[in-house]
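*Asks:* Following is a predicted model, sequence given first.
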Amino acid sequence: MAHSLAAAASSFSPPAARRRLPGQVTNVISRRSSVSFNSQRISFMSIRSRPSQLRFKICCSAKKETVDKVCNIVKTQLALPEGTAVTGESKFSELGADSLDTVEIVMGLEEEFNITVDETSAQDIATVQDAANLIEKLVLEKAA
Amino acid sequence: MASRSKLSGIQRQVLALYRGFLRTARLKSPEERHRIESVVSAEFRENARNIDRKNFVYIEYLLRRGKKQLEQLKDPDITGLSTLEINKVYKPLNLK
């Protein structure tokens, strides 16, 4: 089975920068080209400041509280060092997660938020923001 | 939008099996759950490192065996790791 993930390059015209959440870390990992990672932890030499947030989808943004919880679970699950920058834009693959790690993250999120993520949805999760958006959608559906 | 390449069918099967083990582990006692998760994680990762991803015959064999082991583990009366068959092809996992 594959333990390396290819992050597909995507060309798009991002909408105007959206409001930055107060206190949000501005350093993010950003890569534009197609890359392939093995399961080794990636060094953060590539961290750079990015002036605006880019969003891949136009959709209601998950609450900051949800994003923060997801970030914490991701840090715990991947045993990231303290001070690692994990934001809504962080990609699991760029944080060093292979596909097994991603399964574990999703399982951890299910327990934390008391939801069930079906496998099709789980496959589409690539960033913290993706996870947070899906979680809030599922929580709302469950409440209905 | 998906920003990673699509997983192949067999990759999805492996991840589904892994997820099945993690779900079943939740139903056990906390201590046992932790042990199951450690063993399962180590074995999946070891196989990921050591098996040629194009060796479909062997991968499918492991998938079938894993599904049988998972079905056994789902039995509520089974509480121990002794039901998990250690893969003899590689160095046995060091269990306490």
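*Replies:* Received the coordinates, thanks. Numbers count the residues shown, from 1 in each chain, chains lettered A, B, ... in the order given.

*Asks:* Please list the residues of chain B that sit near chain A.
*Replies:* Taking Cβ under 8 Å from any Cβ of the partner chain as the criterion, the neighbours of chain A within chain B are B:1-5, B:7-8, B:10-12, B:14-16, B:18-19, B:22-23, B:26, B:41, B:44-45, B:47-49, B:51, B:53, B:59. Glycine gets a C-beta too; all of them are placed from N, C-alpha and C.

*Asks:* Apart from its neighbours in sequence, what residue is nearest residue B:37?
*Replies:* With sequence-adjacent residues excluded and distances taken as Cβ to Cβ, 6 or more residues apart in numbering or on different chains, residue B:37 is closest to residue B:25, at 5.2 Å.

*Asks:* name the element that neighbour belongs to?
*Replies:* Element membership of residue B:25, judged by DSSP states H and E, is helix B:9-26.

*Asks:* list the helices and strands that helix packs on?
*Replies:* Helices and strands in packing contact with helix B:9-26 are listed as helix A:99-113, helix A:119-123, helix B:30-50, helix B:56-73; criterion 3 or more Cβ pairs under 8 Å, 6 or more residues apart in numbering or on different chains; DSSP states H and E.

*Asks:* who wins for proximity to residue A:134 among these?
*Replies:* When the helices and strands packed on helix B:9-26 are compared by Cβ to Cβ, helix A:119-123 sits nearest residue A:134, at 5.8 Å.

*Asks:* Contacts for the closest one next, please.
*Replies:* Residues outside helix A:119-123 that contact it (Cβ atoms under 8 Å, 6 or more residues apart in numbering or on different chains) are A:102-103, A:106, A:134, B:2, B:7, B:12, B:15-16, B:19.

*Asks:* Filter those residues down to the buried ones.
*Replies:* For the contacts of helix A:119-123, a neighbour count by 16 or more other Cβ atoms under 10 Å in any protein chain shown gives the buried set as A:102-103, A:106, A:134, B:7, B:12, B:15, B:19.

*Asks:* Adding distance to residue B:69 and pLDDT, write those out as CSV.
*Replies:* Output for the buried ones among the contacts of helix A:119-123, formatted as CSV (distance: Cβ to Cβ, whole Å; pLDDT from 0 to 100):
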residue, distance to residue B:69, pLDDT
A:102, 22, 93
A:103, 17, 93
A:106, 22, 94
A:134, 30, 93
B:7, 22, 80
B:12, 19, 92
B:15, 16, 95
B:19, 14, 95
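
*Asks:* ok so, going back, and the pLDDT for the residue nearest to residue B:37?
*Replies:* Listed pLDDT for residue B:25 reads 94.

*Asks:* Tell me, how many residues neighbour it?
*Replies:* The burial metric for residue B:25, expressed as a neighbour count using other Cβ atoms under 10 Å in any protein chain shown, is 19.

*Asks:* Would you confirm that it contacts residue B:31?
*Replies:* No. Residue B:25 sits out of contact with residue B:31 when judged by Cβ atoms under 8 Å, with a separation of 11.2 Å.
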